Each structure stands twice: as structure tokens, then as C-alpha cells.
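# below are the sequence and a predicted model; questions follow.
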Amino acid sequence: MFTFVMRNLLNGVTLIFVVTGATFLLIHMSGGNIARNILGDDATIEEVKAKAAELGLDRPLLTQYWNWLSGVLSGDWGNSYFSSQSVASAMNTRLPVTLSLIFLSIAITAVVSVILGTWAASRGGAVDRLVQFLSVAGFALPNYWIALVLVLLVALPLQGIFAATGYVPLSESFTGWLSTITLPALAVSIGGVSSVAQQVRGSMLDTLRRDFIRTLRSRGVSRNAILYRHALRNAASPAMTVLSLQFIAMLGGAVIIEQIFALPGLGSLVTTASLQGDIPIVMGVVTYMVAVIVIVNLVIDFANGWLNPKARIE
Amino acid sequence: MTADTPRDIAGPPTGRDKLGSGLLRNPMGLVSCVVLALILVVGVFAPWIVPFDPEATNLQRTNTPPGGAYLLGGDGSGRDILSRLIAATRVTVVASILATGTAMILGVSAGLLAGYLGGAVDATSSWVANMLMALPAIVVLIALYAVTGASTSISMIAFGVLVAPSFFRLVRTLVVGVKNELYVDAARVSGLSNLRILSRHVLYVVRAPIIIQASFVAGVAISMQAGLEFIGLGNQGQPSWGGMLKEAFDNLYVAPLQLVWPGLMLGITVSALVLLGNALRDELEGSRNVRQKRPTSVIPSSSDGDTSNALAVSSKHDNNVLLSLEDLKIAYPMSGGQSKEVVHGVTLRVHTGEVLGLVGETGSGKSQTAFTTLGLLPPDASMSGTVSFRGTRLVAQNEKQMAKMRGKVIGYVPQEPMNNLDPCFRVGQQLIYGLRAATGQSKAEAKTRLLKLLDRVGISDPQATFAAYPHEISGGMAQRVLIAGAVASKPELLIADEPTTALDVTVQAEILDLLRELQSERGMGVMLVTHNFGVVADLCDRVAVMQNGKLVETGSTSDVFADPKHDYTKMLLDSILDQDQLRTELRTGGKVST
Amino acid sequence: MNPLLAIEDLRVSFGSGLGRRHAKEVLHGISMSIEAGETLGLVGESGSGKTTIGRAVLGLTAASGGRIVFDGQQISHLNMAQRRKLAKNLQAVFQDPYTSLNPALTISDVLSEPLIAQGSGSSEARTVIADLLDKVGLPSDSARRLPREFSGGQRQRIAIARALALDPKLIVCDEPVSSLDLSTQGKVLDLLIEIQERTGVAYLFISHDLAVVRHISHRVAVLRGGHIVETGSARQVTSEPEHAYTKQLLLASPVADPIAQKERRERRSRLTALDSPSDRLVKDA
């Protein structure tokens, strides 16, 4: 178990280094453009050069990366090129919004998928057809498309209940938070539910056809125990693999959906930063997001190892 | 030996490539194909079929409703929505081709190489693929925008790189699977070159899945591209569905209808691609999975449904008869509403303390007969006839009634020991679940009894085995555990389905000894399903021989072996390899050193 | 005269390619030989390494030590091109007739595979295929059909036809009848014997079933844990074995005769009571 934990942790840390390194190199290979972007088209070549020197963009790439990295490790993420606000403080105001959206979404996805998938596998019928339909619809329709429909058909007619725009932090008002976060979370999780529920259904059906289920039944083990204790647990492992991939997709989807519902999260921050060429902010958001993915995947891996003894040794 | 249907049903010779024609017979596939063809045509001929210049503004027609000179109305800048939709179709088609093409070229070639070569190539490319998959594509594309600015082609090629792992993993898994197939070994032994093997055996298998994956990826690429445009990170100089969505969204309170057109185009196109992929996949998986993939509810008992619900003790019951099957028939539904009968009216008895061998070849229906006794036929099987236990008539499809019998009075020993333990639970834990379900004992009582029993079935360290996971014990040990589980609740009848077929011959002998000892200790009746006459000779008091779903001969073991009556039994006994026929050593005999 | 196949001190290890430390040796120095036209039966339980010997001879598994000499040529470390030339004389029949034929290829495609690999033209191949199908007792219209239209026994006949296509000197048969029904088993074995008597091909016949090996082999070698424990004529090894493990193997396989089996069972329990052979054998081996 210890090696299992260490290996996953090491993989996660490596991922963060590789991604930040690659992003950094990619962005800074066009060092001149960054300064030009900031100053606009009217600036002279000398002004651009001076700006680049001021920002340290003229130094060797590895030096720049090292400076950035050592800054991050000591808590200094740099400052925005445009607003002189520190990246860390921008993150601190934006991150909670995105996290509350994304965690609510993953919770909805996990719970609804298990209920729908198990039901579809054990009883069939209308729920099974719903899962089948969802798996196509949720995959075929982009989540921002669904978000737009929700705005048109739910938020606008029911303005008292759901807010079409804005965000109320959980710490201020629970109902306010709920009214601003529910629709975005719904839009983010539909895609996740569609594929995770389908996976739960599929692996439940596969498990129910396996020989040991027959043997358990032959001992007189009840139908419910077989379904919820044995089949569900065996089905959990492939379902969680899909969940961890879906989480990445959901995080990406949140970036767009935040902007539809005007949630002040990382999505609008990184979009604006990218349009302006505000590199420190872009780097900060990318790093934060990859870190969140690594942490969530670690948690899912642990849960997997706990549920499935074989996963621990493989 | 599994009881599968005979495979030598000769039909007309079949061609290889039916995927295409099958797709057009599938209504979903046909509709998707037509929609996609239309979109492609519109995309290709866009410059010639637009009614207006898509960029031309006419301020008088700003936000006009549909139906005027602008068929779908005008947008917030007074441009023709229809013309813009058509022009944007072209952009979309190009974008999806770029992304899908990039992903396919990278993913498929890397997957083929990694799968076929293995080793360091495989390790490296798998590592890279895992890295790419852990990235949220849209965030990377947003970051990339900061460098490259607005360029649909660059962002779509980058997206292609980001989704290449989906092709990579698909192809790699398929290739690894094919590489381990015996027919690839056979091709290698036949002297085929690597390139030939790849093109002849491997490409054939990966071709269709790649096409399916491509249609999914194209769909995802279109929504990704539109998403980027929607948040403003697109090329403002050209019309696009995503850009139009954004403009309409900004215009939401003035003309909400404008949101519908690009939304519809986007939804229809992506859905058509996904449905096409689904239709292709259904076509590829074909009928072989159709029956199994759907959850089916229990089919009610067929012919004797009204009478059999009541438990009745038949008057002419012989006290020695433990289990009695009367005119048992089992059928499975076939495609096309018909059903195929696999057991045709079997009547047989197991007496108290008797070992009955049920013998037959593949497809004889022997396992089906045994499962009926346990009420464990697959849910789509339909059954008629009666099963009585000690004179009490059971209804095999009455799940509640059968559940009461299972475990308590009838125990079951399966064929493949390693597949018959739940891999997620410790051995002891699942034995306790079973025993408590049957007897309602306390956990501690159950544990004490099971530990004693594990010792009895010849497990040297019962405590350690009790705490082990199934993957930590050997096949022989697993079969001992399963036997312990079957007899723990002291059943009167044991159904053993090929209990030694999967085991080595030395382990088989030990398991047969164990079964014999347990049977005589407890006076259980045993129904032993097997194809091996040696096992029958070793263990059985009586034999029942089955052929193609019919019982052809029953008798005491010594009688049947000494004087078989039915031709089929004679044929089977004759096919046992003649122990007296021996080939003499060639005079030139080679040497084997010990 | 040199034997057709000579295996000398063959060793095979499996395990991670990086560093030999993790490698696990499964064959610990196997030596044996086969004459032209002879059947050598190789019998052993799961994990004995019997299949690995066959795969090493066929070049599907790399040898980590020792030599394999076939027809005067050292073949244990051939490159791909040399291996392909060898295919003419060295063929195989595998265990599972369901996976040893590509489900997507017609029987004609399957059978022409070795012919085309050796450079035959397609019309030439067609005549050979008709002849091959006839040899293994299948109707000539089988050529246009797909493998799934045939039963297990028929498929194994097809696999045998494929092995015969190039008129080889040695066929490695890896458990060729163990997935077949009893009534089919005997027929396939008799077909193999008949072919051998007609063509003079040699077999390396691998099986877990002593009765099957006894039926077809001239000589038998018994394998356990990667070592050969006993070897000799089929009669000697399968009737009066010398080694305790072979005795145990023989007595453990039940005979289809209630009276003989009762006696065999009693002999076995006496042997087991005498000492615990499984412990002793490990040191022996």
C-alpha cells in the first residue's frame, strides 16, 4: 500500500513539473510578442526591448523558468502585467468560486451516476432507457450548450429562484449560494453523469454475469447484498477511472460555463488574461488547475485501491 | 466445457466487410450519414450558396425577426444569419478535419508502434499519453491563445495533439490484444513478415474502431472549437457557430431567438457524429452482444404457470428420492422472436446419499440441467417441467422460493475456482456472508465453523487463507475454499459442475478424494456434472448420459461401463483412448537427458 | 546420424527487461532430441514449462541460454528473415482452435498464408489448398467459409492443414486436443498419426494428459518445474514409471473403469502415505 501511495504521489508531482515547464517554455519562446502585446502596436522596437528587459524576458529560458519556479515554491507567483495585482491574491479571490462549482458538480455526478447506473443495471426499463439516452445526449451536446438552454428555459423564467448571473459565497448565504451555483453545477455535471452512469451500468452488468455472482447466489446470498455489496464494489473500479477522466473534462467545461453565468472564477480570469497576454496569470491558473487535477486523481486512486485489493499491487 | 451452442451451423459463405451496408440499414446510422453529408456539402460549397455576403451589414435589418429578406433574420450588426451560418459551416468542417486528422495520425501510429513493439517505445509513449490526458484541453488552448493569437487551425491542431491519446490508447490496447492472439503466433510461425502481419491481422482489427473513435473525436473537436469562439478566443474575422452563439448571448434580452440557430446547427452536427459513432459501434459489435448487453427481467414460468405456484407434496413420493426432475425443458430466446430449446424433456432422480454423474459433451445441456436445480439459469431462459426436492415441488423461476433452498439444502461447487471468488473481498469474509445468508448464525459462530471446515478440506493454515484475498491463493486452494463454502451449511444435495476440469491432474485426484470423503461423512446426495469418464468411474454410483439436450441412458456406474445400452454411450466409451495401443520406439530413437 | 531437433541445456527466463535481477527462470537447462518421423511427447502440469519449450523452438520466446539445433542449423538466435526461411520445415498446431484462426479470414486465406509467405502464386495455392482440405478430411467447399462456421474439431483440422501446407519436417503440437470433446479427441489424434505415417513428419507433442501423450508418442519426457524428471519409451514412462513424480501423475489420472480406478486409487493412497512426494520431488528436481 505504501508503494502504491508513493507511486501515485510521484506521478502527480512529475505531472505538475512537466506541465508547468512545457507551458512556460511554449509561452516564452515568443518572448518578443509578450512585450509587444502589453505595449500595443504603437510602441517602438526600443520600447518593446526595454519592456522585455524589465520583465526579465530577455534572459535564458531556463533561468526564467527557474526564477518563476523558485518564486512559486516560496509563495510568490509574480504580479499581473496589467493590473499590478499579485497573482496569488487574484487566485485567492477566484479559486473558491471555481472549486465550489467543481466539487458540487463532481458530487452530483458521483451520486446521480451510482443511483442511475445501478438502477438501470438491476431493473432495466425506463431508467435504463434514460441512462442510454443521457449517455448519447450528454456526450453529443456541449455542456455550454446545455448551460445556454438552462439560462433560456430555467433561469430567465424563474428569476426569483435561480440567478442567471453572479455569485454569492457560501460563507455569506447558503440559499444565495445555492441559487447562483445550482444551474452551473447542473450544466457541468450532465456530461459527467452521462458517461459515468453509463459506465456504472455497464460494469455492473458485466460483474453480474461473472461466475462468482452465481456462486454467491448458490449460497443463498440475497439479491440486494449481491447488487450493492458485491456487484457495485466490483463495478466501482472502472467507474472511478471514468470519473477521474470526467473530472478533467468537467474542469474544462467549468471554464466556459462560469462565463455564461458570470461567476467570478478562474475561467473568466484566465480567458481575459489570455486575451491580454497576461502571462503570470495564465501560468498561475494552469498550475492551480493541474494541481487540483492531481489532488483529485490521487483521492480517486486511493478510493480505488481501498475498494479493489488488486489495484494496490498492479 | 462450457455449454455453448454448436458453432458448425453452415450457412452461405460470408464476406468480410459488412460494416458499411449494415450501417445504412440502421435507421440512426442512416439519418446521421445523411445529415453529415448535407453539412459537408454545405461546407464545401459555402462560398457559392450563401444568399448574402456573410460580413455585409445592413443596419436597417439589425435584429430583424426571421422571414424577411434575411430568411433567419438579421443579427445585432444587421448581417444575414443564414449566410453566416453557412459560411461558419465551412469553418467548422475544416476545423474538425484538422483536429481529427492530427489526433488520428499521431495516435494511431504511436499506438501501432507501442502495441506491436512494446518495451521502451511503449513505456515512453504511454507515459506521454497519460500526461496529455491529465490536462484540461480548454485550459491549454486558452493558454496557447496567449502565444499564438487567434488561429483556428493552430488551436485545432493543438487540440488534435491533446486528444491523440484517445486514439493511442484504443489502438495500443487492440494491438496488444491481437499480438497475443494465437493466430498471430501462427502467422509468425508460417513465416509472415512483421509488416505483413501488421497489415493482414492487426490493421483489420483496428480499422473499424478507429473510424468510430474518429467520429466521436470530430464531434468533440467541433464543440471545443465552438466553445473557444464562444468565450471570445476565436478568429473574429470569420463567422463561426461559437462566435454567433456569443453574439446572440450578448443580445439575449433583445432577440433570444438568435441563440437558437447556431445552437441548433451545433447540436445537430455534434449529435449526428456521436450517433454515427454509436451506430457504427453497434454494427461492429453486432448481434453477438445484443442478447447479453441488455438487462432482462426474470421471465415468468411458461407452460405450467398457474399450477406450479403452489407447493404441493406429490402423493407417490419415494422417501429415498432427494431430487427429482420431471420432463425438464429449457429454451432460450433467439433473435427474431423464436426460441431455441436446449434441453428437451429430461427426467432424472438423485437418491439420498448417492453420487449421480451427469455426463455429456459440449452442448449436451448437462450444465443447464444442473443450474435449473439451483434455480440459477440465466434470467432470459424459459423452463418447463418440474423440479422436486424430497417430494416438494419447486418452481425454478420463483426466486424467493429458490433462494430459500439455495445454500441451505442445496450446495454448489463451480468449475473455475479462480473465477468463483469475489476478488474484492477476503476469502473468509465472503464465506461468512454465504454461511450467514443460509443459516443466520452469528459472525463468530460462522467464523469458528468455517475455520474448522477449512482445516477439514485440507488447507494447512486456515487462519491465513481466511484472511487472504482470492488473488493470493492457488487454484487448487481456491477449489478447496469453494467446497468448504458449499458444504458449510450442511446441504443435503451438492451440485458439482465440472469441479476438477480446470485443475491439474494431481490436484484433481486430491479434490476427488476430498469430495468422496465429505460425501460419505455427511451422506449427501451429489449431482456431479462432468465430461470425464475417469472422474465418473472414480466417484459416481450412477451415471446419466446426455446428448444434445436429451437423456440417452441412465444406470449404475458398473452396468453402464460394463454394458452400455445406447449407441451414443458406446461411442463415447469407445472414444476413450485405448490404453493398450502403444507406438513402439523408432529404432533410431533420439535421446533425452534427465 | 544427427537428430532432427536437438535441444541442449535450454534456459528461458521471463521478467522485466531492465536488469536480470527480476528475471525468473522457468526452464532450467532442458536437453532433448527428436528424430525424423518420431513423436516426442512432453507431459507436465501447469507451470512445468512445457509450452515454453515449444514456443522457444518456434522462436516465439527467446532462449536465455543453451542451444536449439534443427536440421543441422542452430536456430535459437535467428533474426526475423532467417526465421521466416525456417517456416518451411518447422510448423505448429496450437491449443485453442477458436483463437488460432483469425475470425475475419476465410479458410482459404488461412491456408494460403504460409504458401504466400514462401512465395507461391495464388493459382498454385488453390490446388494445394484443395489437396490439404482433403488430407485432413474436410469438404473442399470449406475453403470459402469463415472459421466460425466450423466446430472445434473441424477448426483443429484446419489448423493441422495449415501446418502441413509447406510439407514440414517437424510440427510443434501444443495441447492440440485438450480443448476438444472426447469423441473428437481420438479422431484428431488418429489423423495426426496417419499423417505422420504417410509423410514422415516428426512431432513435438505437448500435453498435460498422460493418456493422450501415451497414445501418440514414441517416446515421452516428463517435465516438472522447468526440469525433465523422467524420459524413455512411451511404454516405459506411462506403464512402469521410475520417478516418483511420474508415478504420482500416472496414478492421479483416473481411468474410465470403476474397478481399475478403485485399484489405482488405492495404489495412489499407498504411495501418498509412504512419503509426501511433493516435498521430496522439489529437492530431486
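Happy to help now that I have it. All figures in this text were calculated on a predicted structure; none of them were measured in a lab.
# secondary structure element holding the spatially closest residue to B:Ala137 that is not a sequence neighbour?
With sequence-adjacent residues excluded and distances taken as C-beta to C-beta, 6 or more residues apart in numbering or on different chains, B:Ala137 is closest to B:Leu162, at 4.6 Å. (C-beta placed from N, C-alpha, C; glycine too.) If you go by DSSP states H and E, B:Leu162 is part of helix B:152-179.
# packing partners of that helix?
Judged by 3 or more C-beta pairs under 8 Å, 6 or more residues apart in numbering or on different chains; DSSP states H and E, helix B:152-179 is in contact with helix B:81-117, helix B:119-133, helix B:137-148, helix B:203-230.
# strands of chain C, residue ranges please.
Secondary structure of chain C (DSSP state E): strands located at C:5-14, C:24-34, C:39-44, C:65-70, C:73-74, C:90-93, C:170-174, C:202-207, C:219-224, C:227-233.
# check whether the fourth one contacts chain B.
No. Strand C:65-70 lies out of reach of chain B by C-beta under 8 Å from any C-beta of the partner chain, never closer than 11.8 Å.
# okay, the residue nearest to B:Pro66 when sequence neighbours are not counted: pLDDT?
Leaving aside its chain neighbours, B:Pro66 sits nearest to B:Gly73 (4.4 Å; criterion: C-beta to C-beta, 6+ apart). B:Gly73 is assigned 82 on the pLDDT scale.
# that older thread, which stretch in the helices and strands packed on helix B:152-179 is the model least sure about?
Looking at the helices and strands packed on helix B:152-179, the bottom one is helix B:137-148 with a mean of 83.
# next, the angle helix B:203-230 makes with that one.
60 degrees (axes from the mean of the first three to the mean of the last three C-alpha atoms, to 10 degrees).
# which other helices and strands does helix B:137-148 contact?
Using 3+ C-beta pairs under 8 Å, 6+ apart, helix B:137-148 sits against helix A:2-28, helix A:232-260, helix A:266-276, helix A:279-307, helix B:152-179, helix B:203-230.
# show me which residues of the shortest one are buried.
By neighbour count, and taking 16 or more other C-beta atoms under 10 Å in any protein chain shown as the criterion, the buried residues in helix A:266-276 are A:Leu266, A:Gly267, A:Ser268, A:Leu269, A:Val270, A:Thr271, A:Ala273, A:Ser274, A:Leu275, A:Gln276.
# same list, those, but only the ones touching chain B.
Within these, those near chain B by C-beta under 8 Å from any C-beta are A:Gly267, A:Val270, A:Thr271, A:Ala273, A:Ser274, A:Leu275.
# list just the nearest of these to A:Ser218.
A:Gly267 (53.9 Å; C-beta to C-beta).
# how close does the closest one get to A:Met289?
10 Å (C-beta to C-beta, to the nearest Å).
# just to revisit the earlier point, save the strands of chain C as CSV, and put in mean neighbour count, mean pLDDT and distance to B:Val220 too.
What follows is the strands of chain C, written out as CSV (neighbours: other C-beta atoms under 10 Å in any protein chain shown; pLDDT from 0 to 100; distance: least, C-beta to C-beta, whole Å):
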stretch, mean neighbour count, mean pLDDT, distance to B:Val220
strand C:5-14, 19, 93, 40
strand C:24-34, 20, 92, 44
strand C:39-44, 28, 95, 52
strand C:65-70, 18, 93, 51
strand C:73-74, 12, 91, 54
strand C:90-93, 27, 94, 44
strand C:170-174, 26, 95, 45
strand C:202-207, 26, 96, 49
strand C:219-224, 26, 95, 53
strand C:227-233, 21, 94, 56
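# how about these, which one is nearest B:Lys340?
strand C:90-93 (32.6 Å).
# hmm, who's touching the closest one?
Outside strand C:90-93, the residues that touch it by C-beta atoms under 8 Å, 6 or more residues apart in numbering or on different chains are B:185-186, B:189-190, C:54, C:57-58, C:70, C:75, C:100, C:114, C:156, C:159-160, C:162-166, C:168-174, C:176.
# return that strand as PDB; C-alpha atoms alone will do.
Extracted in PDB, the C-alpha atoms of strand C:90-93 (Å, rounded to 0.1, in the frame of the first residue of the first chain):
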ATOM      1  CA  LEU C  90       9.100 -26.100 -38.800                       C
ATOM      2  CA  GLN C  91       5.400 -25.600 -38.200                       C
ATOM      3  CA  ALA C  92       2.900 -25.500 -35.300                       C
ATOM      4  CA  VAL C  93      -0.600 -26.500 -34.200                       C
END
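# what strands line up against that strand, and which way round?
Strand C:90-93 has the following strand partners under DSSP bridges: strand C:170-174 (parallel).
# residues in contact with the strand it pairs with: which ones?
Counting by C-beta under 8 Å, 6+ apart, C:4-5, C:34, C:51, C:54-55, C:57-58, C:70, C:89-95, C:163-164, C:192, C:201-206 sit against strand C:170-174.
# and what of stretch B:479-487?
Contacts of stretch B:479-487 (C-beta under 8 Å, 6+ apart): A:215, A:218-219, B:411-414, B:417, B:420-421, B:427, B:430-431, B:434-435, B:450, B:453-454, B:456-459, B:465, B:473, B:494, B:499-500, B:503, B:507, B:511, B:514-515, B:518, B:522, B:524.
# distance from it to the middle of the chain?
28 Å (C-alpha atoms, centre = their mean, to the nearest Å).
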